[in-house]
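Peer 1: need coordinates for the following:
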Amino acid sequence: MTDFTSNSPALRSHKAPKAEYQAYFAMIFVATLPWAIVRWAAHGLAGVDTPNKGPICRALTHARTITPMIFSA
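Peer 2: Numbering: from 1, shown residues only. Okay, the predicted model is just below:
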């Protein structure tokens, strides 16, 4: 009989399919893009210096942050 108490076999971690991850990423990017554009334009209209990041970069950053949170839950 084999004793697995000290050398238990490593369990495989479940990884989401790449296509599913890309689909969620795209949906989140499309959802955050209008808000990033509005925020960027509001800074310009208010006379405040425009942020270093443009609206596309800001939306990509949000999508890169939110998508892994969905798959880690």
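Peer 1: low-confidence stretches in this structure?
Peer 2: For the chain, residues meeting the criterion pLDDT under 70 lie at 1-16, 50-51.
Peer 1: which residue would you name as the spatial centre of it?
Peer 2: residue 64 (2.6 Å; Cα atoms, centre = their mean).
Peer 1: which residue, other than its chain neighbours, is closest to that one?
Peer 2: Leaving aside its sequence neighbours, residue 64 sits nearest to residue 25 (Cβ to Cβ, 6 or more residues apart in numbering; 7.8 Å). Glycine gets a C-beta too; all of them are placed from N, C-alpha and C.
Peer 1: residue 58: how many residues sit nearby?
Peer 2: Using other Cβ atoms under 10 Å, residue 58 has 19 neighbouring residues.
Peer 1: is it true that it touches residue 43?
Peer 2: No. Counting by Cβ atoms under 8 Å, residue 58 stays clear of residue 43, with 11.0 Å between them.
Peer 1: just give the nearest non-adjacent residue to residue 54, would you?
Peer 2: Excluding the flanking residues, the one nearest residue 54 by Cβ to Cβ, 6+ apart is residue 40, at 6.7 Å.
Peer 1: helix or strand for the one you found, which one?
Peer 2: helix 18-45 (DSSP states H and E).
Peer 1: list the helices and strands that helix packs on?
Peer 2: With contacts defined as 3 or more Cβ pairs under 8 Å, 6 or more residues apart in numbering; DSSP states H and E, the packing partners of helix 18-45 are helix 55-72.
Peer 1: output the helix it packs on as CSV, restricted to C-alpha atoms.
Peer 2: Taking Å, rounded to 0.1, in the frame of the first residue of the first chain, the C-alpha atoms of helix 55-72 are listed here in CSV:
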residue,chain,number,x,y,z
PRO,A,55,-8.2,56.4,-22.8
ILE,A,56,-7.3,53.2,-24.6
CYS,A,57,-4.4,52.5,-22.3
ARG,A,58,-6.5,53.2,-19.2
ALA,A,59,-9.3,50.8,-20.5
LEU,A,60,-6.7,48.1,-21.2
THR,A,61,-5.3,48.5,-17.7
HIS,A,62,-8.8,48.1,-16.2
ALA,A,63,-9.4,45.0,-18.3
ARG,A,64,-6.1,43.5,-17.3
THR,A,65,-6.9,44.1,-13.7
ILE,A,66,-10.6,42.9,-13.7
THR,A,67,-10.4,39.8,-16.0
PRO,A,68,-8.0,37.8,-13.7
MET,A,69,-10.2,38.6,-10.8
ILE,A,70,-13.1,36.9,-12.5
PHE,A,71,-11.1,33.7,-13.2
SER,A,72,-9.5,33.5,-9.8
